[in-house]
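Compute the structure for the input listed below.
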Amino acid sequence: MDKIKLTFLGTAASIPTAKRNHTGILLDYKGEHVLFDCGEGIQRQFRKARINPGKINRILISHWHGDHVLGLPGLMQTLALSGYNKTLYIYGPKGTKKLFKKLWNLFQFVGEYPIKVEEVSGKFLETDDFYLEAKSMTHRIPCNAYTFIIKDKLRIDKKKLSKTKIPSGPLISKLKKGKSISYKGKRYLAKNLTCLEKGKKISVIMDTGMNKQVIPFVKNSDVLICESSFGEDMKNFAKERYHLTAKQAGEIAKKSKSKKLVLVHISQRYEKDLKVILNQAKKEFKNVVLVKDLDVIELK
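Numbers count the residues shown, from 1 in each chain. The predicted model follows:
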């Protein structure tokens, strides 16, 4: 399977710190370069990570609070000034088209390239390799969580195939599709010459209160990226503001049977003692990391 690379460009909550920028997570897979949220200062984070922002072809907005979208005007202008000539797809929850239009009309952009804005729910993009899904969460304004799912694939067992002397071409293509074939009077069952390569699931949950939709939506995630704005000392405040605590993030990971939990969207209150957040999540789920800006996670 091709490598999946996750670069955490920003990991702060509403108020950034000297060490943490506003939210932005870049997913690279083959020719896809997907940015989850676009917080203020994202352009400089790309520079610090030594990544060309011109690679981006899709931006997924969780919701339209400033700490998740204020990087859009600058990023779009930089793309124009850099000769960006692809179509930029921007996806978001209900109301995204109207809010994007207001943002666009607020600034005098120089340069043009195609931009398509879509309000999404459920499966909204599918290719031969992967698909993207959105699910409405519980926040003060419309908010989406997202999953990026690489499909299962049938792979040819090269050692077994070499013993058959079947030539490359249409017959191999049929095997890859799970179809049995005949060659020189002999029948070859696809299940005997192939193996299933399991896909991968990356889930991204930004601002939300605990709700019934979240666990089924992120079920069996290989990587669950989850907002963990507050500790248990502020659980009532978190509930009032429709945010998650680190403990709740751990509960979601455990109940969804996810493999790895990544904590993001950390309140500046905990910057001097991040172990508080990390340890509270770990009490519920063992495989947890609390990332800092510019950290990278790779999956194969």
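
what's the spacing between the residue nearest to T208 when sequence neighbours are not counted and F217?
Of all residues not flanking T208 in the chain, M137 sits nearest, at 3.6 Å (Cβ to Cβ, 6 or more residues apart in numbering). Any C-beta I mention is one placed from the backbone N, CA and C, and that applies to glycine too. Using Cβ to Cβ, to the nearest Å, M137 is found at 9 Å from F217.

can you list the domains in the chain?
Following automatic domain parsing, one finds the domains of the chain at 4-152+198-299, 157-194.

among the ones you listed, which gets the worst mean confidence?
Of all those, mean pLDDT reaches its minimum on domain 157-194 (a mean of 84).

hmm, back to that, quick check: which of the domains of the chain is buried the most?
Most buried of these by mean neighbour count (mean count of other Cβ atoms under 10 Å) is domain 4-152+198-299; its value is a mean of 19.

Show me the helices in the stretch 201-300 of the chain, by range?
Secondary structure of the stretch 201-300 of the chain by DSSP state H, counting those that start in this stretch: the helices cover 214-218, 235-240, 246-255, 275-282.

With distance to R44 as extra columns, can I get these in a markdown table?
What follows is the helices of the stretch 201-300 of the chain, written out as a markdown table (distance: least, Cβ to Cβ, whole Å):
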| stretch | distance to R44 |
| --- | --- |
| helix 214-218 | 30 |
| helix 235-240 | 29 |
| helix 246-255 | 28 |
| helix 275-282 | 25 |
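
Could you pull out the helices in the stretch 1-150 of the chain for me?
42-48, 66-69, 72-81, 96-106.

so which of these comes closest to M210?
Across those, M210 has its closest neighbour in helix 66-69 (19.4 Å, Cβ to Cβ).

How far off centre is that closest one?
16 Å (Cα atoms, centre = their mean, to the nearest Å).

Kindly export it (C-alpha atoms) in PDB.
The C-alpha trace of helix 66-69 is given here as PDB (Å, rounded to 0.1, in the frame of the first residue of the first chain):
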ATOM      1  CA  GLY A  66     -12.300  31.800  13.000                       C
ATOM      2  CA  ASP A  67      -9.600  29.500  14.400                       C
ATOM      3  CA  HIS A  68     -10.500  26.900  11.700                       C
ATOM      4  CA  VAL A  69     -10.900  29.200   8.600                       C
END
